[in-house]
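Student: no sequence on hand, only this structure:
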């Protein structure tokens, strides 16, 4: 993934299984540097030291959910673009997430082998849509 | 005494002279007296004659005298006057008189005459018509008597009178006609005519009408007093005691469980010529049918009123003046107002300006004849917040004009609640199912990709099986949520022009994986450059469902053809054709229902979620299209769907 526009990914999900798979999929297969956090608080604590280039945040988490976490991240000066993981498939929800500052969504379940490419696609669609093939 | 010689004769003469003188004087006196008496009698007679003449002249009575032996009839002057000729005595023969009599009356007159002449009748008395001078018939009453008979008893002379009774006859005739008219009326009329005497006993009635009444198994008029309520009877008795006329008095007869009858009675008091009360005379009309109909109407109205009253929906009928004419309990409860603050008042005043502003546009629409519908959410007086479905239905009169609007407010709070619960449930389940599925599918994918090292030969097919089935589970969860949300109308479509040739190529390319799995090949027919109006993601879902379906039901080595062409009317038909065995007749009707394939027991149903066709139909329908299938010529099945074409971009 030498063409990847980013390297450091901060992933937040309360489910340890998902964290493990994402870490494998993006780390071992994708070749990214992944920081896994199990909650919003943990992510807020880790973010300044890790200096993420992109945030992957699960929408539904106990306590602080994805939207709330993103707000707190922005308040804390973390400006990296965010992608939400979501189990919801309504277009109106996706619009809502976009409005909250996400550059895109990945719906669960996802194919771990394609996850890296999927996120790069979201990034390029957002930042350089004219160069995209679609 | 010679010198005085007086003869005896002289002496006798001398002696009787005075006597004679006396006699003569007496005779003279007597004669005078007799003459005076005679004159007196004569004068008396003349006076009498004058009196008779005057009386006859003054009366219309004709006097006649018939000399039967000589057949000479004498009639006084009145006769001609009676006939309308110039007055003058008449002398004629009996035949002359008979010649002017009415032929119909001749026989009767002759019979009476013969009886009188023979003496079998003491006198002659007959009524018959004669023709007057002007040709009109006039009625006569002729009375007479035989006044002389010979020794053998034969009638020699008869006399009598003729009276003109035309006026009486006319009066009798008119009375008879009037009676006949009355009889006909009372016989034909369904009203009953009756009379009561001064003791209120029924003394006369029109029999036919009463008997008709009796025939219909209804009580007879002789029966008991009218069944009136105490109050009605008191009022009515007051009327009777004051001998006033009355009308529309309704009385009921008959036992509660037997045949019922009602009469409507009107009457006027009858008085004699001295003004004394003699009873009542009146009409009674049988109004049983009307009363029964009224009763039925009242009953049905009461039933409907109760039905409306206890409906769990708020109901109000608003007329063209926007006033609340009828409303039910639920409506009053919804507003928290007593009925008297609603009835007849303008809706604007009842609900207040704020609520009315929301209601008015819908009301106006409905008053113009268009049914209207809207929903609202607001606090109920009992403290809950309720959701109401409000339906407005124009009510038209017999002439088709809108008379008012029925407003129906249905409490859908529970439905909305259930809906919200379902949405929540779906959202929770989707998350709860997807998360473990993501972990499972992810792990298997990584395993199969060799992230954990090369798999042993025996493990590889097992991991593939697990991977395929978790893919299937993934698809099932997606489809389940899709169909749920679509049927609830919660899925939004992004409708835009879709480059259809490219879309079909993409769909076929994306299905390449099925070629090996089902041992089929795909064929994309040449497609013109065209665009359809639709949601690109949803349409690719439809295509992929149909292609998967076709692949599953193709024989080994079969070809699945995909193509599209323009239809008349601005539509594009897209088709996916297989070379399979076709669809069994019994399955055709329910093929688009969810999970219908599983019910057939077809083993190939294990390949998909069972929702593909149901979702496809939902999507196509929502995009304004239609979907269906036909037997393909030469075997197999063609599934097709038609969508509106979008203009090709410049």
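Tutor: Ah, there it is. Predicted, not measured: the structure shown is a model, and the values here were computed from it.
Student: let me see the mean pLDDT of the host helix or strand of residue B:50.
Tutor: Using DSSP states H and E, residue B:50 maps to helix B:8-58. Here helix B:8-58 scores 84 as its mean pLDDT.
Student: and for stretch B:639-650?
Tutor: Across stretch B:639-650, the per-residue pLDDT values average to 83.
Student: next one: stretch A:36-51
Tutor: pLDDT averaged over stretch A:36-51 gives 94.
Student: please see if it touches chain B.
Tutor: No. Contact of stretch A:36-51 with chain B (Cβ under 8 Å from any Cβ of the partner chain) is absent, the minimum separation being 13.7 Å. (Glycine included, C-beta is placed from N, CA and C.)
Student: contacts for that stretch next, please.
Tutor: A:8, A:10-14, A:16, A:19, A:22-23, A:35, A:55, A:57, A:61, A:63-65, A:68-69, A:72-73, A:76, A:78 (Cβ atoms under 8 Å, 6 or more residues apart in numbering or on different chains).
Student: and if we set it to 6 Å?
Tutor: Stretch A:36-51 has contacts (Cβ atoms under 6 Å, 6 or more residues apart in numbering or on different chains) with A:10, A:11, A:12, A:14, A:19, A:23, A:35, A:64, A:69, A:72, A:78.
Student: so what's the fifth one closest to, chain neighbours aside?
Tutor: This means residue A:19. residue A:36 (4.5 Å; Cβ to Cβ, 6 or more residues apart in numbering or on different chains).
Student: following element in sequence after the helix holding residue B:50, please.
Tutor: strand B:62-67.
Student: who does whatever helix or strand comes next after that next one pair up with?
Tutor: For strand B:62-67, the following helix or strand on the C-terminal side (DSSP H and E) is strand B:72-75. The strands beside strand B:72-75 in its sheet (DSSP bridges) come out as strand B:62-67 (antiparallel), strand B:90-92 (antiparallel).
Student: neighbouring contacts of strand B:72-75?
Tutor: With Cβ under 6 Å, 6+ apart as the test, strand B:72-75 has contacts from B:62, B:64, B:65, B:66, B:90, B:91, B:92, B:94.
Student: residues near the first one, how many?
Tutor: Residue B:62 is flanked by 23 other residues according to other Cβ atoms under 10 Å in any protein chain shown.
Student: secondary structure element holding residue B:634?
Tutor: Judged by DSSP H and E, residue B:634 forms part of no helix or strand.
Student: how about the one 5 residues further on?
Tutor: In this structure, residue B:639 is located in strand B:637-646 according to DSSP H and E.
Student: and if you look at residue B:194?
Tutor: strand B:191-196.
Student: what are the buried residues along the next helix or strand after that strand?
Tutor: Later in the chain than strand B:191-196, the nearest helix or strand by DSSP H and E is strand B:202-205. Of the residues in strand B:202-205, residue B:205 count as buried by neighbour count, 16 or more other Cβ atoms under 10 Å in any protein chain shown.
Student: before we move on, what about stretch B:462-481?
Tutor: Result for stretch B:462-481 [16+ other Cβ under 10 Å]: buried residues B:466, B:467, B:470, B:471, B:473, B:474, B:476, B:477, B:478, B:479, B:480, B:481.
Student: tell me the mean pLDDT for the strand holding residue B:194?
Tutor: The average pLDDT for strand B:191-196 rounds to 81.
Student: with stretch A:117-124 instead?
Tutor: Stretch A:117-124 comes out at a mean pLDDT of 91.
Student: for chain B, what are the nearby residues on chain A?
Tutor: A:15, A:17-18, A:21, A:24, A:28, A:60, A:87, A:91-92, A:108-109, A:111-113 (Cβ under 6 Å from any Cβ of the partner chain).
Student: helix/strand/coil for the residue nearest the centre of chain B?
Tutor: Residue closest to the mean C-alpha point of chain B, counted by Cα atoms, centre = their mean, is residue B:293 at 10.5 Å. Of the three states, residue B:293 takes helix under DSSP: H, G, I helix; E, B strand; the rest coil.
Student: quick check: pLDDT value at it.
Tutor: In this model, residue B:293 carries a pLDDT of 91.
Student: for PyMOL, what selects the buried ones among the contacts of strand B:72-75?
Tutor: Here is the PyMOL selection string for the buried members of these, based on 16+ other Cβ under 10 Å:
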select buried, chain B and resi 62+64+65+66+90
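Student: and of the contacts of strand B:72-75, the nearest to chain A?
Tutor: Among those, residue B:62 lies closest to chain A (Cβ to the nearest Cβ), at 123.9 Å.
Student: correct me, but that closest one touches residue B:78?
Tutor: Yes. Counting by Cβ atoms under 6 Å, residue B:62 touches residue B:78, with 4.4 Å between them.
Student: any weak-confidence spans in chain A?
Tutor: Scanning chain A for pLDDT under 70 picks out A:1-3, A:88-92, A:129-134.
Student: ok, the residue in the stretch 201-350 of chain B positioned nearest to chain A - contacts?
Tutor: Residue nearest to chain A within the stretch 201-350 of chain B: residue B:313 (32.1 Å; Cβ to the nearest Cβ). Listed by Cβ under 6 Å, 6+ apart, the contact set of residue B:313 reads B:408, B:410.
Student: how much space separates it from residue B:368?
Tutor: When Cβ to Cβ, to the nearest Å is the yardstick, residue B:313 and residue B:368 sit 23 Å from each other.
Student: close to chain A: what parts of chain B are there?
Tutor: When proximity is defined as Cβ under 6 Å from any Cβ, chain B approaches chain A at B:430-431, B:434-435, B:437-439, B:441-442, B:445-446, B:449, B:451, B:474, B:492.
Student: now for the residues you listed, which pair is the farthest apart?
Tutor: B:451 and B:492 (37.9 Å; Cβ to Cβ).
Student: the more surrounded of the two?
Tutor: residue B:451 (16 against 12).
Student: and that one, backbone torsions?
Tutor: phi -60, psi -30 (degrees, to the nearest 10).
Student: buried ones in stretch B:489-506, by neighbour count?
Tutor: Buried, per 16+ other Cβ under 10 Å, within stretch B:489-506: B:491, B:495, B:497, B:498, B:499, B:500, B:501, B:503, B:504.
Student: tell me the one of the residues you listed nearest chain A?
Tutor: residue B:491 (7.1 Å).
Student: I'd say residue B:121 and residue B:112 touch.
Tutor: No. Here residue B:121 lies out of contact with residue B:112, judged by Cβ under 6 Å, at a distance of 7.1 Å.
Student: how about the helices in chain A?
Tutor: A:16-22, A:40-50, A:66-75, A:91-99, A:112-127 (DSSP state H).
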